[in-house]
Structures are given as structure tokens and as C-alpha cells.
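# let's see this in three dimensions:
(one chain, ligands or ions: 1)
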Amino acid sequence: MFMGTFQLKLDDKGRLSIPTRYREILHQKYRSGPQQADPELVLSSIGPRISAYPRAEWEGLADSLTEAITLPGLHQEARDLYHVLFGNAAECGIDAQGRVLIPPHLRHKAKLNGEVIIVGLNRYFEIWDREAWEDYQASLQGREEEIAQKIVELLLLNEVLEFLCPVSSGVYVDATLGEGGHAEGILRLGIPNGRLIGLDRDAEVLAVARQRLAAFGTRMHLVHEHAMALRSVLESLQLAHVDGILLDLGVSSYQLKYAERGFSFAHEGPLDMRMDRTAGQTAATLLNTLDESELVALIQRYGEERWARRIARAIVRARRHSPLRTTRDLAAVVTQVIPPAARPRRIHPATRTFQALRIAVNQELATLEPTLRSAMACLGEGGRLCVIAYHSLEDRIVKRTFQAAEQAQVEATSAVRVLTRKPITASAAERQANPRARSAKLRVLERVCHKSRQPSRGTA
Ligand SMILES: C[S@@+](CC[C@H](N)C(=O)[O-])C[C@H]1O[C@@H](n2cnc3c(N)ncnc32)[C@H](O)[C@@H]1O
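Presented below is the predicted three-dimensional model:
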């Protein structure tokens, strides 16, 4: 795979020497044809960089984009991207010295000015002007958490879609809609008539998803609700059961991105952390009113933080001077009390405390089991429930609730089967690269028979 970053120079004819390691990969993996012709690159540019694809990778990408572009409901932006990508593309040979001549229109588009950075991205690599690369790196500062979450949300997308297997006659629920990434996949695969009901307890995220999914028109119906309210949402739509339900639990990358939501220690913001800003207590209220032993219990239980006692003591000490108001106030208090040698290397020292508070503020664990039970009850025969959990406490509840439902089979009317004996996780490489990916676990359950007297699907 192409990986790593190299700093190089374009020569005065606009040629670039491909790094030796990349040349080896091109020769070993991409030399093809009866004469084992030298590999070729296809270069194209979107934004301030050039993407360089081995020909075989470009052909794969071109095929899947061409297929995707014909799907109804595809964003105009995706069509624009398609035009730019193909309109700019150029086939470029690699000469005997391992150099590629970058066509002038691409050099101009990516504003390449001599010094360039090559960045490996698994099956292809990018060529950046050095200054543009440095600006881009600076713009990522402080966004690591949000980006890591966004990547994790995408990691298990294909697996979820394979289990839900959306069809045109189906009705599906995304009960934790977020920005609508999974929902868009469900709607696209369920062409032409498959329907999606989306719930999110966060009205702001819901508005973003509404815009994203607008092109699907009446095929989608979005509601500002807690997932626990699914049964009553379906009743209001005169639906008895649905064909598939997704719960992608926890916080969304959108919530981590905006400082004023108070979810991220990377941004200075008020200690709010409520997913639903219309209800409940903020993190600041909890931090400034719970007594020390309650704080210890909260941080230990929901954060599995071994320094919970010290952290709670420091919070109580700090708030005697003035109440903790911002995310940075809290992050600083936590960081100070964890001995430097004991600080986790791959995550911020305040990660566990922030997680604990978020879980408490949103009562995430307390409402999980009833949410799962309500979702199971809404599945029609053959319907599947997919749940993605992001930490062990959550996953344990999912696992136990699924097992209990499978074993009980007490109701004569229904039976369920767990389809994932072991949870589905991200690949080892993805887990290594992204700490958040390590904890993401997908479990799936199916309703195998449902002898309800009501029709399995109503009309809305
Ligand atoms: C991990 S994100 C979902 C991302 C989404 N799958 C996507 O593809 O964009 C979780 C979202 O679910 C919402 N959420 C979490 N728990 C919820 C619950 N119990 N009921 C309704 N929404 C919930 C959060 O507000 C957040 O927007």
C-alpha cells in the first residue's frame, strides 16, 4: 500500500521523481499485460492537489463512480465532482528514471510551485504544493477527535448495509440519524420506493440530515425524538412493523465539531454536552452540584477512569474558587492530576472523564436497554436490528439484551436470532490507525417469526 509522506522537487520541465518505495509497489502490484508493460498513472485534480492512481485502481474507481452517478437522489455535488475528476484526468507514463511528467493544466490547478509533498493513501497517492499541504495540516489541528469519529462512522457502513439489505418495498429506520450517512446509503440501495424513517434527539443534527437527504423527497420522514419513542413514531405513521432498524450509538462527528456543544476538549466551549438541547441538565450543572463521592462514582462507572478519585477531588477544589464553565477548564483540571507518566499515549488524558459526563448527561446507558427492546418489538418478520456501540459498557448491554431476547422466546408470538456471535469490528489496520475504531462494535439481530394479527406493514 502507498503510505507515508515525502518532500520532493519538481524539475524545471515539471517532472517528478516517484519515491523508490512507490515505484517498487507500482512494479510489483500494477505491472500488467502480456508484455508486462511499465505501469501507468492516471492523474487528476480536485481541490489544491493532484491524485495519482495506478491505472487498475483508476479503472475500478471509474466503474463504481459511473454506476453511482446513475442512482436517483444523488447529490448535485457528487455529480459536479464526477465531472471535475474525469474532465481533468490525464494518463501519464513513468520514464526509465522513474519520473512522471505532470501536465501543465494539472500543475496549474494544484498550484504546484517547485517543492511538493507526496502523500500515500493506500491504493493511490496525492501530490500537494508544500505550502498548501502545510496550510491543510494546520487546518486539521484540534479536529482529530471529530475526524476520527467521522472515519469510524464510515468504517462499518458497508457491513450495516449488507445486513439491512434495503429493497424498494421496504421500510427502514435509522433511529440515530446523525448527519444521515447511513440513511443516505439505505435510501440509495432501496431505490426506487424504499422508505426511511429517521430519528435523532438532536434537532440541530437532524436539520443537517434533512438538507442532505432532501433529494429523496417523500421517501424519507425525519422526527426529532429519542430512539426509545420509536414505537409511538411508527404508530403515528400507521406502521405496525419495519424491515430494518439501525442504532449507531453515541456522539456524532457533527457534535464534536462545534465548540458551543461542549462535547470536545479540543475546543473552548460551554460545558453543555446535551444531545437534546431542549431538555435535561448540562455537564456544567452536574460538575458543579454533585458531591465528591457522586463525581467519583460517575467518572469511575461511565469513564472506567482509574484516576477518578483524584479527578473528582480536583474538580471539587477548583469549583470552590469559581464554577467550572468551559471544556478547557475541565480538560486542564483533569490533565493536571494525572501523573505525566501515567497519561494515556494515544488519547487525550481527559477523554474518559468527558465520556463519563456525556453518558451521564444524556443518560445513554440508562435508556439503552429499553431502546433495544422497543426496537426489537418494531421489527417485522425477517427484519434486522443493527447496533453499533462505541465503548465496552454500551456493547455489554447490547450483547446481554440480545442474548436474553434470544434465550427467552417467552412471547409465543415472536422469536429472534442473533446473527453476530462475535461483534463485527474494524480491520486490524484501521484499529491501529484510529483509537476510536478499536471500540466500534456492530451486533445484529433478526426477527425470525412474528405471528401478530396486524399486517406486517401499514400505509403512512
Ligand atoms: C454516531 S452518530 C450517527 C451517525 C450516523 N449513523 C451517520 O451516518 O451520520 C449518533 C447520532 O445519534 C444521536 N443519538 C444518540 N443516541 C440517541 C438516542 N437514544 N435517540 C435518538 N438519537 C440519538 C446523536 O444525537 C447523534 O446525532
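# could you list the low-confidence segments of the chain?
Low-confidence segments of the chain (pLDDT under 70): 32-38, 68-78, 410-414, 433-435, 450-460.
# please repeat the previous calculation with a cut-off of 50.
412, 453-460 (pLDDT under 50).
# which parts of it sit against the ligand?
153, 175-176, 178-182, 199-202, 205, 226-227, 248-250, 252, 275, 367, 371 (Cβ under 6 Å from any ligand atom). Just so you know, the C-beta spots here come from the backbone N, C-alpha and C atoms, and that holds for glycine as well.
# any idea how far residue 88 is from residue 67?
Remark: distance between residue 67 and residue 88 (Cβ to Cβ, to the nearest Å) = 21 Å.
# these two: who's more crowded?
residue 88 (18 against 9; other Cβ atoms under 10 Å).
# that one reaches residue 45, doesn't it?
Yes. Using Cβ atoms under 8 Å, residue 88 is in contact with residue 45, at 5.1 Å.
# which residues do those two both contact?
106, 109 (Cβ atoms under 8 Å, 6 or more residues apart in numbering).
# which helix or strand contains the residue nearest to the spatial centre of the chain?
The centre of the chain sits closest to residue 153, judged by Cα atoms, centre = their mean, with a distance of 1.8 Å. Taking DSSP states H and E as the definition, residue 153 sits inside helix 144-155.
# put the alpha carbons of that helix into PDB.
These are the backbone C-alpha positions of helix 144-155, laid out as PDB (Å, rounded to 0.1, in the frame of the first residue of the first chain):
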ATOM      1  CA  GLU A 144      -8.600  15.000  15.300                       C
ATOM      2  CA  GLU A 145     -11.500  13.700  17.500                       C
ATOM      3  CA  GLU A 146     -14.200  14.800  15.100                       C
ATOM      4  CA  ILE A 147     -12.300  13.300  12.100                       C
ATOM      5  CA  ALA A 148     -11.600  10.100  13.900                       C
ATOM      6  CA  GLN A 149     -15.300   9.700  14.700                       C
ATOM      7  CA  LYS A 150     -16.300  10.500  11.100                       C
ATOM      8  CA  ILE A 151     -14.000   7.800   9.800                       C
ATOM      9  CA  VAL A 152     -15.400   5.300  12.300                       C
ATOM     10  CA  GLU A 153     -18.900   6.100  11.200                       C
ATOM     11  CA  LEU A 154     -17.900   5.300   7.700                       C
ATOM     12  CA  LEU A 155     -15.900   2.100   8.600                       C
END
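# can I get the helix or strand just after it in CSV, CA atoms only?
Of the helices and strands lying after helix 144-155 in sequence (DSSP H and E), the nearest is helix 157-164. The C-alpha trace of helix 157-164 is given here as CSV (Å, rounded to 0.1, in the frame of the first residue of the first chain):
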residue,chain,number,x,y,z
LEU,A,157,-21.3,1.5,6.7
ASN,A,158,-20.9,-1.3,4.2
GLU,A,159,-21.4,-4.0,6.8
VAL,A,160,-24.6,-2.3,8.1
LEU,A,161,-25.9,-2.0,4.5
GLU,A,162,-25.2,-5.7,3.8
PHE,A,163,-27.2,-6.8,6.9
LEU,A,164,-30.1,-4.4,6.3
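# contact partners of helix 157-164?
Contacts for helix 157-164 (Cβ under 8 Å, 6+ apart): 172, 181-182, 185-186, 189, 243-244, 246, 248, 384, 386, 388, 419, 424, 442, 444.
# buried subset of the residues you listed, written for PyMOL?
Only the buried members of the contacts of helix 157-164 end up in this PyMOL selection, burial being decided by 16 or more other Cβ atoms under 10 Å:
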select buried, resi 172+181+182+185+186+189+243+244+246+248+384+386+388+424+442+444
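# just the contacts of helix 157-164: which are in strands?
172, 243-244, 246, 248, 384, 386, 388, 442, 444 (DSSP state E).
# return the closest of the residues you listed with respect to the ligand.
residue 248 (3.6 Å; Cβ to the nearest ligand atom).
# hmm, the closest one is touching residue 385, no?
No. Residue 248 is beyond contact range of residue 385, at 11.9 Å (criterion: Cβ under 8 Å).
# let's have the ones in strands among the contacts of helix 157-164 in JSON lines, adding distance to residue 98.
Output for the ones in strands among the contacts of helix 157-164, formatted as JSON lines (distance: Cβ to Cβ, whole Å):
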{"residue": "172", "distance to residue 98": "50"}
{"residue": "243", "distance to residue 98": "54"}
{"residue": "244", "distance to residue 98": "50"}
{"residue": "246", "distance to residue 98": "47"}
{"residue": "248", "distance to residue 98": "45"}
{"residue": "384", "distance to residue 98": "50"}
{"residue": "386", "distance to residue 98": "47"}
{"residue": "388", "distance to residue 98": "44"}
{"residue": "442", "distance to residue 98": "43"}
{"residue": "444", "distance to residue 98": "48"}
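# separate out the buried members of the residues of the chain next to the ligand.
If we count by 16+ other Cβ under 10 Å, these have these buried: 153, 175-176, 178-182, 199-202, 205, 226-227, 248-250, 252, 275, 371.
# now the stretch 1-150 of the chain against the ligand: closest residue?
For the stretch 1-150 of the chain, Cβ to the nearest ligand atom, closest residue to the ligand: residue 149, 7.1 Å.
# that residue: neighbour count?
There are 26 residues near residue 149, going by other Cβ under 10 Å.
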